[in-house]
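> no FASTA, just this:
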């Protein structure tokens, strides 16, 4: 599989973040031909909230530079867009400006250009291992994920193998059955022939396990940074190009796709990786919550020294006051780092 020697201090580790600005007119123009005159809200994988950005990427990048200074490069994967983090990095980490690099979809989709433009994060994630110059060991993050305490290499890689944060779950056949019943209900009783099921976070991980031969259980990963190995992805997809191509054929997120990160997790587990750790995560969904929700969550983060990672989902749905509370807390957290 790969060399199992202990990760040395000078072995590089990079970070990869996928990002999109859904308000970009060019992005919307690229998407329009594939909507087929349907409303975006009626296509689960095309809903506008999936592509909204409220500048989370700035805090994600700054948190990585603050609390994981051992990382060599941060690659931001986009579709001909500028994440706009250069000035912030230059202001707070001038020595790291050249470490933050923007990677276009065209680079990782070389040889698969027919699949562009693409709007499915499942498909895009499946090719991040093809970034030019990417380190063999790297960490993948979503842009709504933030580091809030100091981390070490050992929090991500032990004995040169990724640390897997999550737990075992049972199969997803009941979820699959429910999706089929949903489609039948909408198609034949409600007359909605174009109904499409949402892409379940559980289901796409189960599908990844299924491709690895695990039919009755799967390892459910949490919303944390995901340590991965580039060589593992290259080896697997060179042998199973058909599996990769199936994941790339969907323009939008689709419940028929698998989760690429989960696929590599299950590969690791089948090849003897026993580096399973707790998530060390605080997970927030602040939209439509009570006023005390954010206060309780942030108090939990402050009081629990084991919490290293913070995931805040659907911030674009929050009102301006809620967003200000969130970003003020993140600012204070970053500024409090000695």
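Received the coordinates, thanks. Predicted model only: the values in this text are computed from it and were never measured.
> for the closest residue to residue 261 other than its chain neighbours, give me phi and psi.
Nearest residue to residue 261, sequence neighbours excluded (Cβ to Cβ, 6 or more residues apart in numbering): residue 226, at 4.7 Å. C-beta here means a position set from N, CA and C on the backbone, and glycine is covered the same way. When read as degrees, to the nearest 10, the backbone of residue 226 gives phi -110, psi 110.
> over to residue 125?
phi -60, psi -30.
> what are the buried residues along the longest helix along the chain?
Using DSSP state H, we find that the single longest helix of the chain is helix 320-335. Buried residues in helix 320-335, defined by neighbour count with 16 or more other Cβ atoms under 10 Å: 322, 323, 325, 326, 327, 329, 330, 333, 334.
> ok, stretch 120-132 next?
For stretch 120-132, by 16+ other Cβ under 10 Å, it's 120, 121, 122, 123, 124, 125, 126, 127, 128, 129, 130, 131.
> what do you get for stretch 271-285?
Buried, per 16+ other Cβ under 10 Å, within stretch 271-285: 273, 275, 279, 280, 281, 282, 284.
> who are the contact partners of the second one?
Contacts of residue 275 were listed using Cβ atoms under 8 Å, 6 or more residues apart in numbering, and they are 158, 159, 161, 162, 163, 164.
> restricted to strands, list those.
Among the contacts of residue 275, the ones falling in strands (DSSP state E) are 158, 161, 162, 164.
> narrow the buried residues of stretch 271-285 to those in strands?
281, 282, 284.
> could I get those as JSON lines with distance to residue 21 and pLDDT?
What follows is these, written out as JSON lines (distance: Cβ to Cβ, whole Å; pLDDT from 0 to 100):
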{"residue": "281", "distance to residue 21": "26", "pLDDT": "97"}
{"residue": "282", "distance to residue 21": "26", "pLDDT": "97"}
{"residue": "284", "distance to residue 21": "22", "pLDDT": "96"}
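> next, count neighbours for residue 43.
20 (other Cβ atoms under 10 Å).
> does it touch residue 254 like I think?
No: using Cβ atoms under 8 Å, residue 43 makes no contact with residue 254, being 9.8 Å away.
> quick one: low-confidence parts of the stretch 151-300 of the chain?
Regions of the stretch 151-300 of the chain meeting the criterion pLDDT under 70 cover residues 171-199, 201.
> for the nearest residue to residue 166 once chain neighbours are set aside, what are its contacts?
Nearest residue to residue 166 in three dimensions, chain neighbours excluded: residue 221, at 4.0 Å (Cβ to Cβ, 6+ apart). Neighbour list for residue 221: 164, 165, 166, 205, 261, 262, 265 [criterion: Cβ under 8 Å, 6+ apart].
> out of these, which are inside helices?
Among the contacts of residue 221, the residues falling in helices (DSSP H) are 205, 261, 262, 265.
> show me the helices in the stretch 151-300 of the chain, by range?
173-184, 201-211, 230-239, 241-248, 260-270, 292-303 (DSSP state H, counting those that start in this stretch).
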